[in-house]
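S.K.: Provided below are the primary sequence and the corresponding predicted coordinates.
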Amino acid sequence: MLRPFAIALTLAVLPMSSFAQTADQNDAAAKQAESGKPPLRIRSITLTGNQACPKSANPDAEIVVCARQGEPYRIPKELRNDKPIPAQNQSWANRAAVADEVGRRAAGLPDTCSPTGSGGQTGCAMMRAQQYAAEKAEAKRQAAAIP
């Protein structure tokens, strides 16, 4: 008669002792381990300089892993070259593309903005759009170069 009572008492006390151990830990990782479910999202972030590791918005659903990186660039800032690559240093594929474009313009093919040939005028709007995009990219590059 005492035996069932002792077993029941042991079974009642055992979960309470494990609950007391986890009650002291308010860590999200402990809760995650207890639930046995994987997190919904794991964010891996590489930080540079003195950036702070962002906190998780919902610790139960997201884990944030931060790693530090010393210097993101191998070349010192003073020695970096942001200028366009000269023609003699470009690949043969780029050289062939330039030669094809020159040949197209000389022949007056469509989309070339040429006064000769059929459809040469159709490329003028495209050429202006490309010039505008190149000017914007150059202005953006120059603005980024200013410290």
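M.R.: Noted; the coordinates are in hand.

S.K.: count of neighbours near Thr122?
M.R.: The number of residues packed near Thr122 is 14, by other CB atoms under 10 Å. (C-beta placed from N, C-alpha, C; glycine too.)

S.K.: and it, that's in a helix?
M.R.: Yes. Under DSSP: H, G, I helix; E, B strand; the rest coil, Thr122 sits within a helix.

S.K.: so it touches Gly108, yeah?
M.R.: No. Here Thr122 does not reach Gly108: they are 11.0 Å apart, not a contact under CB atoms under 8 Å.

S.K.: show me where pLDDT drops low in the chain?
M.R.: 1-26, 28-29, 32, 71-77, 117-121, 147 (pLDDT under 70).

S.K.: give the contact list for the most centrally placed residue in the chain.
M.R.: Using CA atoms, centre = their mean, the residue of the chain that lies closest to the mean C-alpha position is Ile45, 9.8 Å off. Taking CB atoms under 8 Å, 6 or more residues apart in numbering, we find Ile45 in contact with 53-54, 64-67.

S.K.: show me the contacts for Gln142.
M.R.: Gln142 neighbours (CB under 8 Å, 6+ apart): none.

S.K.: now with 10 Å?
M.R.: When contacts are counted by CB atoms under 10 Å, 6 or more residues apart in numbering, Gln142 touches Asp82.

S.K.: Secondary structure element holding it?
M.R.: helix 123-145 (DSSP states H and E).

S.K.: May I have that helix as PDB, with CA atoms only?
M.R.: In PDB, the C-alpha atoms belonging to helix 123-145 read as follows (Å, rounded to 0.1, in the frame of the first residue of the first chain):
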ATOM      1  CA  GLY A 123      18.500  54.200 -82.100                       C
ATOM      2  CA  CYS A 124      18.700  57.900 -81.300                       C
ATOM      3  CA  ALA A 125      16.300  57.600 -78.400                       C
ATOM      4  CA  MET A 126      18.000  54.500 -77.100                       C
ATOM      5  CA  MET A 127      21.400  56.200 -77.400                       C
ATOM      6  CA  ARG A 128      20.100  59.200 -75.400                       C
ATOM      7  CA  ALA A 129      18.700  56.900 -72.700                       C
ATOM      8  CA  GLN A 130      22.100  55.100 -72.500                       C
ATOM      9  CA  GLN A 131      24.000  58.400 -72.200                       C
ATOM     10  CA  TYR A 132      21.600  59.600 -69.500                       C
ATOM     11  CA  ALA A 133      22.100  56.300 -67.500                       C
ATOM     12  CA  ALA A 134      25.900  56.600 -67.900                       C
ATOM     13  CA  GLU A 135      25.800  60.200 -66.700                       C
ATOM     14  CA  LYS A 136      23.800  59.200 -63.700                       C
ATOM     15  CA  ALA A 137      26.100  56.300 -62.900                       C
ATOM     16  CA  GLU A 138      29.200  58.600 -63.200                       C
ATOM     17  CA  ALA A 139      27.600  61.300 -60.900                       C
ATOM     18  CA  LYS A 140      26.700  58.600 -58.400                       C
ATOM     19  CA  ARG A 141      30.300  57.200 -58.500                       C
ATOM     20  CA  GLN A 142      31.700  60.700 -58.100                       C
ATOM     21  CA  ALA A 143      29.400  61.400 -55.100                       C
ATOM     22  CA  ALA A 144      30.500  58.200 -53.500                       C
ATOM     23  CA  ALA A 145      34.100  59.100 -53.900                       C
END
